[in-house]
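>>> The following block contains a protein sequence and its predicted model.
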Amino acid sequence: MTRQSSALVFWALATGPLSGDILRVRLYGPNGQMVGQGTLNQLRNQAQAYVFGGRRAPPGGLPAGAYRGEAQIERGGRVISTRTETITIR
């Protein structure tokens, strides 16, 4: 990705989410601050579900550096799964 990209979106696919699960994604910028998030409260059992979060690029483009996306599934008040990915914007 480049600084001229129009947006940065982090998404996750959960397989087998159950009713009551909370699917959450967070996107952190190069300075470590959260720059986007998304939450899905799972209303029924499903084979799969998507959740996404992100941000549009500000005027002048996205700041260069490493962005970290974190996806979590919470069930019964505990985090049961976490996945983290990193992308660098030049």
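It's in.
>>> Spit out the contact partners of the nearest residue to Y50 once chain neighbours are set aside.
Residue nearest to Y50 in three dimensions, not counting chain neighbours: L13, with 5.6 Å by C-beta to C-beta, 6 or more residues apart in numbering. The C-beta positions use only the backbone N, C-alpha and C, and glycine is treated the same way. Shown in contact with L13 (C-beta atoms under 8 Å, 6 or more residues apart in numbering): Q48, A49, Y50.
>>> Next SSE downstream of the helix or strand hosting L13?
Here L13, judged by DSSP states H and E, is contained in strand 7-15. As assigned by DSSP H and E, the chain's next helix or strand after strand 7-15 is strand 22-28.
>>> quick check: angle from that next one to strand 7-15?
150 degrees (axes from the mean of the first three to the mean of the last three C-alpha atoms, to 10 degrees).
>>> who's the most centrally placed residue in the chain bridged to?
Geometric centre of the chain, nearest residue: V25, 3.1 Å, by C-alpha atoms, centre = their mean. Beta bridges link V25 to G38, A71, judged by DSSP bridges.
>>> What distance do you get for it to Y50?
Applying C-beta to C-beta, to the nearest Å, the value for V25 to Y50 is 10 Å.
>>> So, low pLDDT: which residues of the protein?
Within the chain, not a single segment meets pLDDT under 70.
>>> residue with max distance from the center of it?
G60 (23.2 Å).
>>> thinking again about what came up before, which among the contacts of L13 end up buried?
Neighbour-count burial (16 or more other C-beta atoms under 10 Å) applied to these gives A49.
>>> Adding secondary structure and distance to S6, write the contacts of L13 out as TSV.
TSV is the format used below for those (DSSP: H, G, I helix; E, B strand; the rest coil; distance: C-beta to C-beta, whole Å):
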residue	secondary structure	distance to S6
Q48	strand	27
A49	strand	26
Y50	strand	20
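>>> out of the contacts of L13, which one sits closest to L40?
Using C-beta to C-beta, A49 is the member of the contacts of L13 that sits closest to L40, with 6.3 Å.
>>> how about the nearest residue to G76 once chain neighbours are set aside, what does it touch?
Excluding the flanking residues, the one nearest G76 by C-beta to C-beta, 6+ apart is G20, at 7.5 Å. Shown in contact with G20 (C-beta under 8 Å, 6+ apart): Q42, R75, G76.
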